[in-house]
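J.: sequence first, predicted model second:
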Protein chains: 2
Amino acid sequence: MMSPERAGLRTGEVAEQAGVNIQTLRYYERRGLLAEPTRSNGGHRLYPADTVALLNVIKTAQRLGFTLDEVADLLDAGRRRHPTPDLRQGAIDKIAEIDAKIADLTAIRGALTEVVDARCDSLTNCTCTDCPIPFLTIGTAPPPDGDTT
Amino acid sequence: MMSPERAGLRTGEVAEQAGVNIQTLRYYERRGLLAEPTRSNGGHRLYPADTVALLNVIKTAQRLGFTLDEVADLLDAGRRRHPTPDLRQGAIDKIAEIDAKIADLTAIRGALTEVVDARCDSLTNCTCTDCPIPFLTIGTAPPPDGDTT
DNA sequence: TTGCATTCGGTACCCAGGTACAGGCTTACC
DNA sequence: GGTAAGCCTGTACCTGGGTACCGAATGCAA
């Protein structure tokens, strides 16, 4: 179906393997998330093989609530051999942010577990004596973009 | 500032305390995330005091990558005293989803830690022998809405 | 009871993240 | 060389999640 020595994957191949729309590849290229790939003589894009993995990273980070700009930052941070102080600080900030997300997810998870076990009257108005009412305690850390404009 | 015996909080009070726009409250009401509050004789909304906490829950869940529809589901699940089998299964599914998110966040966190420690050459193309290259392993679980249309 | 701040409903608009379509060129295979 | 499938650029459109603005009505304090 395809000769393995070809210079790269075609748009359609990458899109199918990564489960994204072809248009999305071009969109990510415009947004700077994907580097401009090489081209065939006729102008068709030829992607390196690891593009599919990269797309999975992007999609996963998105599902976790990072914006495309943030994903670009994450990837950028990851691409330097020895991060500049700026990038280093950025990474440290991201770690704190991620820790907060994990804590909140854990709280929600606990609440749902209570639901499954049917131990709570209600997640939002619980009368159990031993219930931490986790839903009401999550999000106590201010959001990273904590503006009140 | 306000008499404590009043029947509820006004739109502006809730919005300010929760750090959201007034329009957002009405939007959430339309979306079914907030129940229709009682009204004053003149038709102004009067919210119960726990609305602010509920809004914090909603905002937090959103930051974690849940859509408003999903948040509505989560809240719905949490409001039943004894969940129906359907809701129960929904909660179980959500828990699995949350576990996947936590795993992915943990992987990203590990990658960022490597960056901060400057132990890796690159997150996406690392030559360290002991590097798990976490960025390339996240997202291995299919997304919850795993469609390929 | 006057008057300013708030809220009302309704509609229009905004941004992020995609997705679709048109019309023309490339690729690949017979 | 013909031809179908695939890809090109460009532009227009869509969905989710809000925001802004309008003129009218309400709340509330002096």
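T.: Looks like it came in fine. Residues are numbered from 1 along each chain as shown, chains lettered A, B, ... in the order given.
J.: pLDDT score assigned to the residue nearest the centre of chain A?
T.: For chain A, the residue nearest the mean C-alpha position is A:A61 (0.6 Å; Cα atoms, centre = their mean). Looking at A:A61, its pLDDT is 91.
J.: wouldn't it be in contact with B:R109 here?
T.: No - here A:A61 lies out of contact with B:R109, judged by Cβ atoms under 8 Å, at a distance of 11.9 Å. For glycine as for every other residue, the C-beta is placed from the backbone atoms N, C-alpha and C.
J.: need the contact list for A:L34.
T.: Counting by Cβ atoms under 8 Å, 6 or more residues apart in numbering or on different chains, A:L34 touches A:L25, A:Y28, A:T51, A:L54, A:L55.
J.: arrange these in TSV, one row each, with secondary structure, distance to A:A77 and neighbour count as further columns.
T.: Below are the contacts of A:L34 laid out as TSV (DSSP: H, G, I helix; E, B strand; the rest coil; distance: Cβ to Cβ, whole Å; neighbours: other Cβ atoms under 10 Å in any protein chain shown):
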residue	secondary structure	distance to A:A77	neighbour count
A:L25	helix	23	22
A:Y28	helix	18	20
A:T51	helix	19	21
A:L54	helix	14	22
A:L55	helix	18	23
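J.: show me the two of those that sit farthest apart.
T.: Using Cβ to Cβ, the pair of these lying farthest apart is A:L25 and A:L54, separated by 10.9 Å.
J.: which strand or helix spans whichever residue of chain A sits closest to DNA strand D?
T.: Nearest residue of chain A to DNA strand D: A:G12, at 2.5 Å (Cβ to the nearest atom of the strand). Taking DSSP states H and E as the definition, one finds A:G12 inside helix A:11-18.
J.: by contact count, what packs against that helix?
T.: The helices and strands touching helix A:11-18, judged by 3 or more Cβ pairs under 8 Å, 6 or more residues apart in numbering or on different chains; DSSP states H and E, are helix A:22-31, helix A:51-63.
J.: how far is the last one from where the chain is centred?
T.: What it means is helix A:51-63. 7 Å (Cα atoms, centre = their mean, to the nearest Å).
J.: with the first one instead?
T.: From the chain centre to the centre of helix A:22-31 is a distance of 16 Å (Cα atoms, centre = their mean).
J.: what strands line up against the helix or strand that it is followed by, and which way round?
T.: Next in sequence after helix A:22-31, counting helices and strands by DSSP H and E, comes strand A:38-39. Looking at strand A:38-39 with DSSP bridges, its partner strands are strand A:45-46 (antiparallel).
J.: between the helices and strands packed on helix A:11-18, which gets nearest to DNA strand C?
T.: Proximity to DNA strand C, assessed across the helices and strands packed on helix A:11-18 by Cβ to the nearest atom of the strand, is greatest for helix A:22-31 (3.9 Å).
J.: give me the angle between the closest one and helix A:51-63.
T.: Angle of helix A:22-31 versus helix A:51-63, following axes from the mean of the first three to the mean of the last three Cα atoms, to 10 degrees, is 80 degrees.
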